[in-house]
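Chemist: Could you look at this predicted model? Sequence included:
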Amino acid sequence: MIDTKDLGFNSKLIHGGGHHDEYKAATVPIYQTSTFRFDCAEDGAACFAGEKDGYIYTRIGNPTVSALERQVAELEHGYGAVAFASGMAAVSTVYMAYLNAGDHMISSDAVYGASRTMMEGHMSRFGVESTYVKTEDIENIKKAIRPNTKMLYIETPANPTMGITDIEACAKIAKEHGLLLVVDNTFCSPYLQNPLDMGADVVLHSVTKFINGHADIVGGIVIAKTQELYKKLNVMMLNLGGNMDPHQAYMVIRGLKTLAIRIERAQASAMKVAEFLESHPKVASVTYPGLKSHPQYELGRRQMRGTGTMISFELKGGLEAGRKMMNSVKLAILAVSLGGVETLIQHPASMTHAKVNAEAKKAAGITDGLVRFSVGIEEVEDIIADLTQALDKI
Ligand code: LCS
């Protein structure tokens, strides 16, 4: 079996994970079992004592899930990865693993709605404080630092505003102040951005999105830079119990193989869609990392290896026009989620970010007129024709 360490990205997608199967299966089989047989009582005791490698119980570890974890850890250049039942299981476990009562976290104000709700609504009950700022401006982070700040949590590009935060600058601040830098890399996937290479400590993904890419499972994964960070995360995962299921892992491994070719195609279309929207008379503004009008265009070009497939835009007619448009699309699916082969459209203020309070939404730029568009791999002419007819209805 080839050592994938020195292979290129697409080769790693196909041959990564390093799974050895006794029947020499060409793909990673689904080990659909909750538990594993011990050779003898002494063997079981040695596995539990950590004196011997071996699978024990699927919440603690499973060969199909391990193959995915090894593969994604390699793609993100980390020490190790832990896979989760959902992206939110990943986010919550990161909070629980690395924060204690009395600690303070600084986060991007535009993050996935539930990442914020989990912190402000639930971690707060355990004595964890948080401040949400526009991390696109590094000065805002510096001003928010307190003696008890322990974590800097950023999402870049941010959901749903597409704001871009400078990961290297955040890593510098984190180092100076002893903060753990966590990056939600969902909107890029490891194909477009590797935050650990820029100084982050922990990277996470909702694998529901690009990594799986087919809108047929939910899942999450966290990649830790060091063995110490990995151990803290793994022990919290197996105690909280948000582990990924082997069948889920199999689906993700299958979807992951085409990550790069899916993104290449969809982002070429996204550029054309963004240009189309920007020149449309009914569109007030478009935020896409590939457009020169993006407020952090230069940073995006420096930090990301592409411009992605996610676009947010405002219509001149505001919320009413947005609703009309969303109700008029025929090819694009009116649905939350993103990063799949199918084009999706949704309204962040009333859908993905509905639970974030009105004041916080306003401060983060999640306006009532904002529409989020995830470009799929259909023919770009069909995507643009669909948008054209939907905009005509306004
Ligand atoms: N992080 C980001 C950036 C996300 O966009 C999401 C989900 C999560 C974490 C949580 O992952 P999940 O548990 O859903 O796998 N974002 C969604 C969205 O924008 N629409 O639907 C879900």
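Modeler: Perfect, thanks for sending it.
Chemist: for whichever residue of the stretch 1-150 of the chain sits closest to the ligand, what are its contacts?
Modeler: The ligand sits closest to residue 87 of the stretch 1-150 of the chain, with a gap of 2.1 Å, by Cβ to the nearest ligand atom. C-beta coordinates here come from the backbone N, C-alpha and C atoms, glycine included. For residue 87, the contact set (Cβ atoms under 8 Å, 6 or more residues apart in numbering) comprises 112, 186, 204-209, 218-220.
Chemist: what's downstream of the lengthiest helix in the chain, the next helix or strand?
Modeler: Secondary structure assigned by DSSP state H gives helix 259-278 as the longest helix of the chain. The element immediately downstream of helix 259-278 (helix or strand, assigned by DSSP states H and E) is strand 283-287.
Chemist: what about the following helix or strand past that next one, average pLDDT?
Modeler: Next along the chain after strand 283-287, taking DSSP H and E as the criterion, comes helix 297-303. The pLDDT scores in helix 297-303 average 98.
Chemist: buried residues in helix 297-303?
Modeler: 297, 299-301, 303 (16 or more other Cβ atoms under 10 Å).
Chemist: Check stretch 224-244 too.
Modeler: Buried, per 16+ other Cβ under 10 Å, within stretch 224-244: 224-225, 229-230, 232-234, 236-238, 242-244.
Chemist: and if you look at stretch 62-81?
Modeler: 62-76, 78, 80-81.
Chemist: tell me which residues form a beta bridge with the closest residue to residue 59 other than its chain neighbours?
Modeler: Leaving aside its sequence neighbours, residue 59 sits nearest to residue 243 (Cβ to Cβ, 6 or more residues apart in numbering; 4.9 Å). Residues in a beta bridge with residue 243, per DSSP bridges, are residue 84.
Chemist: how close does residue 231 get to the ligand?
Modeler: Using Cβ to the nearest ligand atom, to the nearest Å, residue 231 is found at 23 Å from the ligand.
Chemist: That residue is in what secondary structure piece?
Modeler: In this assignment (DSSP H and E), residue 231 forms part of helix 227-240.
Chemist: Mind giving me the packing neighbours of that helix?
Modeler: strand 80-84, helix 87-98, strand 220-224 (3 or more Cβ pairs under 8 Å, 6 or more residues apart in numbering; DSSP states H and E).
Chemist: Repeat the analysis, applying 10 Å as the threshold.
Modeler: Using 3 or more Cβ pairs under 10 Å, 6 or more residues apart in numbering; DSSP states H and E, the elements in contact with helix 227-240 are helix 63-75, strand 80-84, helix 87-98, strand 202-206, strand 220-224.
Chemist: Just put these in a markdown table and tack on mean pLDDT and distance to residue 341.
Modeler: Compiled in a markdown table, these are given as follows (pLDDT from 0 to 100; distance: least, Cβ to Cβ, whole Å):
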| stretch | mean pLDDT | distance to residue 341 |
| --- | --- | --- |
| helix 63-75 | 97 | 19 |
| strand 80-84 | 98 | 21 |
| helix 87-98 | 98 | 18 |
| strand 202-206 | 98 | 16 |
| strand 220-224 | 99 | 20 |
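Chemist: mind checking which of those is nearest residue 147?
Modeler: Among the helices and strands packed on helix 227-240, helix 87-98 comes nearest to residue 147, with 17.5 Å by Cβ to Cβ.
Chemist: buried ones in the next helix or strand after the closest one?
Modeler: Heading C-terminal from helix 87-98, the first helix or strand you meet, by DSSP H and E, is strand 104-108. For strand 104-108, burial by neighbour count (16+ other Cβ under 10 Å) applies to 104-108.
Chemist: Strand 104-108 pairs with which strands, parallel or anti?
Modeler: Here strand 104-108 is paired, per DSSP bridges, with strand 129-133 (parallel), strand 149-155 (parallel).
Chemist: and the angle for that strand with helix 87-98?
Modeler: Put simply, strand 104-108 runs at 150 degrees to helix 87-98, going by axes from the mean of the first three to the mean of the last three Cα atoms, to 10 degrees.
Chemist: Quick one: distance of the helix or strand following strand 104-108 to the chain centre.
Modeler: With elements assigned by DSSP H and E, the helix or strand that comes after strand 104-108 is helix 113-117. Computed by Cα atoms, centre = their mean, to the nearest Å, the chain-centroid distance of helix 113-117 equals 13 Å.
Chemist: contacts for helix 113-117?
Modeler: Contact partners of helix 113-117, identified using Cβ atoms under 10 Å, 6 or more residues apart in numbering, comprise 86-88, 90-92, 94-95, 107-111, 121, 123, 130, 132, 153, 155, 159-160, 184, 186, 204, 206, 336, 348-349, 351-357, 360-361, 364, 366.
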